[in-house]
Every structure is written in structure tokens, then in C-alpha cells.
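Trainee: Model the structure of this input:
(chains A and B)
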Amino acid sequence: QSVLTQPPSVSAAPGQKVTISCSGSSSNIGNHYVNWYQQLPGTAPKLLISDSNNRPSGIPDRFSGSKSGTSATLGIAGLQTGDEADYYCATWDGSLSAVVFGGGTKLTVL
Amino acid sequence: QVHLQESGPGLVKPSETLSLTCTVSNGSMTNFYWSWIRQPAGKGLEWIGRYYASGSANYNPSLRSRITLSMDTSNNQFSLRLSSVTAADTGIYYCARELGYSGRVDYWGQGTLVTVSS
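Mentor: Next up is the predicted model:
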């Protein structure tokens, strides 16, 4: 059972937009930035969104992040088949003094 | 571009100690946290812990009693030792560079598969 809760899977058609939620508590998301990672099959995760809503260099603006209260959301617009991957949220938990990850969400582009 | 590379045995016997080393190239080890993250086959990411050059460390509470983290800045390496392993410790182990207190990991190693089996 992960500290951060994500939906196990989401799906949408090419060109559409999808959102992935990440729910936590005041000890983690409520008081710390959230980061999002994309993990393509067989590869290491890659930082997709940093500090809740910033895109690292090289990340297309189709990817966006937001945070409100104890929840965060990853948005992916203009879906492409190459976006099929697992997506994880992560943040610091002040009560645990540890980084916590969400359980991951598998994106299928139909 | 910072590069991280894990190394260590791919097979460890139950009850023994898993030992991995991460070699960092093209970057300084100071002013960053150096982390270990693992992923059982077909499952999600689990943060193991991190070490700072000053000697401070943070640990996953569920693994803390079994973890030893260390760093050798002269050789640009950091290491993980996980004691009393069981089959549940089987998975891909990633070393990574972490920033601050937000779960922000900007560089990852390619990962190394460790199997716990007799």
C-alpha cells in the first residue's frame, strides 16, 4: 500500500488529453513539491515534472503538472503512442523523513 | 551530463547481505543527495534511502534496520548494503542523484537486477 494514491491505469485515444491524479496528505503533498516520472518499458524512470509544475529541459509542453492541497495532477495533452508508459508521482514525507512514491499509473493510448 | 552506473552481484543468497556500488561520472558528489531506489518485477518504485556528502542520511522506515549507506567521494562512488535479504528483496536496483526535500531525482543509473535465491 503506497503512501501516495494513484489510479492503476488510464487510457485515451491519440490526440486526446489525459490526467493522472496523485493523492496524499498534509505530511507529504500538502507541504512539499511533487515530482512526476515517466518510465518507458525496460528503462529507468525519467523526471517529467519537477517541483509540482516545472518541466525539465527537453520535456515537451504537452506535459503539465499542478498541485492543490493534498493532491497533485499530471496532464498529458495531444497523446501519442510513444506516451504509453508507467507514470509515478513522488514527494517528501515530513513525518516519515523519507521520499514516498505513488503506486504508479499505466497509460494506454488506444 | 552526469552518468551513474550500478555494479555488484546479480545473485545473493537468502539471509546474506546485498552490496551494490554506484559510480558517478561527469559530476561532483558534493551538494547533492545520492539515493537508492528499487523496483520488484512488475511492481512500482520503492525509495530505499539517501546519503549526503556531509555524512547525513535518510532511510525508508520499513528498511532502516537493514540498510547501510556510505560514500567515497575520492572515487566518486556511493554504496548500499542491505542485510538479511529474502526473496522479497529481488528486483531492479537504481542509484540516483536527488535534490532537496521533494523526491526530485534528476539523474538515474540504468538499474541492476538483483535476485535473491539459493
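Trainee: Name the residues of chain B found near chain A, please.
Mentor: Counting by Cβ under 8 Å from any Cβ of the partner chain, the positions of chain B adjacent to chain A are B:35, B:44-47, B:49-50, B:58-61, B:94, B:98, B:100-106, B:108-111. No exception for glycine: its C-beta is placed from N, CA and C like everyone else's.
Trainee: residues touching the residue of chain A at minimum distance from chain B, list them.
Mentor: Using Cβ to the nearest Cβ, residue A:90 is the residue of chain A that sits closest to chain B, at 3.5 Å. With contacts defined as Cβ atoms under 8 Å, 6 or more residues apart in numbering or on different chains, the neighbours of residue A:90 are A:4, A:34-37, A:99-102, B:45, B:47, B:103-105.
Trainee: Lowest-confidence entry in the residues you listed?
Mentor: Looking at the contacts of residue A:90, model confidence by pLDDT dips furthest at residue B:103: 93.
Trainee: what's near enough to touch that residue?
Mentor: A:32, A:33, A:34, A:35, A:90, A:91, A:92, A:99, A:100, A:101, B:47.
Trainee: Show me how to select, in ChimeraX, the buried members of the residues of chain B next to chain A.
Mentor: Here is the ChimeraX command that picks out the buried ones among these, judged by 16 or more other Cβ atoms under 10 Å in any protein chain shown:
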select /B:35,44,45,46,47,49,50,58,59,60,94,98,101,102,103,104,105,108,109,111
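Trainee: and the residues of chain B next to chain A, which of them are in strands?
Mentor: Secondary structure from DSSP state E places B:35, B:46-47, B:49-50, B:58-59, B:94, B:98, B:104-106, B:108 of the residues of chain B next to chain A in strands.
Trainee: among those, which two are most distant?
Mentor: The widest separation within those, taken as Cβ to Cβ, falls between B:59 and B:106 and amounts to 21.0 Å.
Trainee: burial of residue A:42, as a residue count?
Mentor: In terms of burial, residue A:42 registers 7 neighbours under the definition other Cβ atoms under 10 Å in any protein chain shown.
Trainee: for chain A, which spans come out with low pLDDT?
Mentor: Across chain A, no stretch falls below the confidence threshold (pLDDT under 70).
Trainee: Now the residue of chain B found nearest chain A. Nearest residue, chain neighbours left out?
Mentor: Relative to chain A, the nearest point of chain B is residue B:103 (3.5 Å; Cβ to the nearest Cβ). Take residue B:103 and drop its neighbours on the chain: the residue closest to it by Cβ to Cβ, 6 or more residues apart in numbering or on different chains is residue A:90, 3.5 Å away.
Trainee: State the distance from that neighbour to residue A:45.
Mentor: As judged by Cβ to Cβ, to the nearest Å, residue A:90 and residue A:45 stand 9 Å apart.
Trainee: again, but for residue B:62
Mentor: The span separating residue B:62 from residue A:45 equals 20 Å under the rule Cβ to Cβ.
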